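>>> One predicted model, sequence on top.
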Amino acid sequence: MRVLHINLNDAGLGRYGLLYGKALDACAEVEAISVFDEKLLCSNLLREHAQAFDYRLVQWSGNTFTKLKTLRKLRQIAVDFRPDIIHDTAGSFAKNIVIWPLLYGLAPLVITEHDPKPHLGMQLTAGGRLARRISRHLVSQVFVHGPWCRQLLQEQGWPTEKISMIRHGHLGLFDRGAYQDVARQDRTVLFFGELRFNKGIDLLPEIARCVVQRFPDATFIVAGSRRHGAPTSAWARRIHNVIEEMQQQPYFEVHDRFIPDEEVEYFFRRAAITIMPYREATQSGIAMIAMPMASAVVTTNVGDIPEVVIHGETGFIAEPGVERFAHVLIELLENPERVRRVGNAAREFALHECDWQRTAQDVLDRCEQVILARRTHLLPSDGFRLHERSAGRRHGDHVGLRPPGSNGMPETTRPSRYADSQEEHEA
């Protein structure tokens, strides 16, 4: 099978694409070319990982003339390569309005959708809305990372047979061993990543106040850059005020900046616990960084995050609310041995269950069905069931994804759409 893999994102999704492209290239009986934005390879860490497989770089950022040249180059790569399948792992963004129609007809197009709807505090551009509308007509298959996201796409009008679930691969590339001498601190808690409203950044001051009343020596590290939206935005002003408040407290250590790839490991090495008090999310790249580095994750029960953060086994799930989230943190800080045990279990889970090679193979298995369907003008009538490769583990319908309630939390705590999605699928 010849696979043309495209990912023109130069941020977190670009790193996802880099690891997927590397795994894809290593699959047997596959000839693959990946195409990335040249801005992606901005660090030595990413350049090291990119040395091991075949890729092309294009210049996507720039003026209209630059983009037109890139589009021409992209189509020429596709025409010369003659792929059996084209896979865009960055999802539906405004740029796809011009990219996808340009490649339409050369091979079946499949995509990985990460965020089917905008996060709280963010708005979808007109171009993004149009891209999502046309995607339902141009795309032969969409891959998502769990049943919550799958249900969301169904509500948006995607046919069930066009949606397949795969594991989100782990982001263990940041675990370089460069900070082995950094001691893990049992009472250090990390909030990492872009400082956005949907991630509950404004809840941190109150959560921390509750915790330090019990543990005055606790440290809360906040590391990441804020999203620069309109200065008149009420949410943007609120986040700005929250950051200033945290900077004035002795138990906060605030790194209000973009964290280079080479420094990421340092923060997760220090922190025994990584917190994600999210109001809303689909999945989490932060969890996929923390778990391979054995930093125990505490998260709220949102989106498809509980598919990998399994309560009491590979992490901890707190109910929404400042006091309840703080209560879970206090319990864990009282039991550092439990935190270490679950952190280590999370590392094993991430490295094996969320292995990129398995994810790539699952995508290829589905792509074979898509190619066959195109040749025979038929589509599967009941969706595609990915192989259950982990014998002995509890499985849901797809690649070890668990059914409702099996993550250690009561089934009633899951959003109702989750249960409806599973029942519909199993029917």
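Looks like it arrived, so ask away.
>>> V254 should be in a helix, yeah?
No. Using DSSP: H, G, I helix; E, B strand; the rest coil, the assignment for V254 is strand, not a helix.
>>> in the sheet, who's paired with it?
Beta-bridge partners for V254, by DSSP bridges, are V222.
>>> residues near it, how many?
Other residues lying near V254 total 20 when counted by other Cβ atoms under 10 Å. Quick note: C-beta positions are derived from backbone N, CA and C, even for glycine.
>>> again, but for R56
By other Cβ under 10 Å, the residues close to R56 number 15.
>>> Quick check on it: phi, psi?
Backbone torsions for R56, taken as degrees, to the nearest 10, come to phi -130, psi 150.
>>> Isn't it up against A78?
No. At 10.6 Å, R56 and A78 do not qualify as touching, with contact defined as Cβ atoms under 8 Å.
>>> Can you show me the helices along this protein?
In chain order, the chain shows helices spanning 12-26, 44-50, 64-81, 96-103, 126-138, 147-155, 204-214, 234-247, 261-270, 285-290, 322-333, 336-353, 356-376, 416-426, with DSSP state H as the criterion.
>>> For the longest one, buried residues please.
Same thing as helix 356-376. Neighbour-count burial for helix 356-376 flags 356, 358-364, 366-367, 369-371, 373 (criterion: 16 or more other Cβ atoms under 10 Å).
>>> who are the neighbours in contact with D115?
Neighbour list for D115: 91, 282 [criterion: Cβ atoms under 8 Å, 6 or more residues apart in numbering].
>>> how deep is the nearest residue to F325 once chain neighbours are set aside tucked in, by neighbour count?
Nearest residue to F325 in three dimensions, chain neighbours excluded: A318, at 4.4 Å (Cβ to Cβ, 6 or more residues apart in numbering). Here the number of neighbours of A318 (other Cβ under 10 Å) works out to 21.
>>> if I pick A318, what's in contact with it?
Residues in contact with A318 (Cβ under 8 Å, 6+ apart) are 277, 298-301, 324-325, 327-329.
>>> for P336, same thing?
By Cβ under 8 Å, 6+ apart, P336 lies in contact with 186, 272.
>>> now it: how far from R279?
According to Cβ to Cβ, to the nearest Å, P336 and R279 sit 28 Å apart.
>>> related to what we said a few turns ago, show me what the residue nearest to F325 is bridged to.
Following DSSP bridges, A318 is listed with bridge partners T300.
>>> how close does it sit to F252?
20 Å.
>>> what ranges of the chain fall below the confidence cut-off?
Applying pLDDT under 70 to the chain flags residues 94, 121, 123-124, 127, 227-232, 377-427.
>>> Map the structural domains onto the sequence of it.
Segmentation of the chain into domains, based on automatic domain parsing, reads 2-169+355-376, 173-353.
>>> between the contacts of A318, which has the most around it?
Top of those by neighbour count (other Cβ under 10 Å): T299, with 27 neighbours.
>>> Am I right that that residue is in contact with E319?
No. Contact criterion Cβ under 8 Å: T299 and E319 do not qualify, at 11.1 Å.
>>> now A223: how far from I99?
Noted for A223: a distance of 33 Å to I99, by Cβ to Cβ.
>>> about what we covered before: who wins for proximity to V182 among the helices of the chain?
helix 261-270 (4.3 Å; Cβ to Cβ).
>>> In that closest one, which residues are buried?
Buried residues in helix 261-270, defined by neighbour count with 16+ other Cβ under 10 Å: 263-265, 267-270.
>>> quick one: contacts for the residue nearest to K67 when sequence neighbours are not counted?
Closest residue to K67 apart from its sequence neighbours, by Cβ to Cβ, 6+ apart: W60 at 6.8 Å. With contact set as Cβ under 8 Å, 6+ apart, W60 has these partners: 8, 10, 37-39, 67, 70, 95.
>>> Export the residues you listed as a markdown table, with columns for neighbour count.
Formatted as a markdown table, those follow (neighbours: other Cβ atoms under 10 Å):
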| residue | neighbour count |
| --- | --- |
| L8 | 25 |
| D10 | 19 |
| D37 | 23 |
| E38 | 15 |
| K39 | 15 |
| K67 | 17 |
| T70 | 22 |
| K95 | 20 |
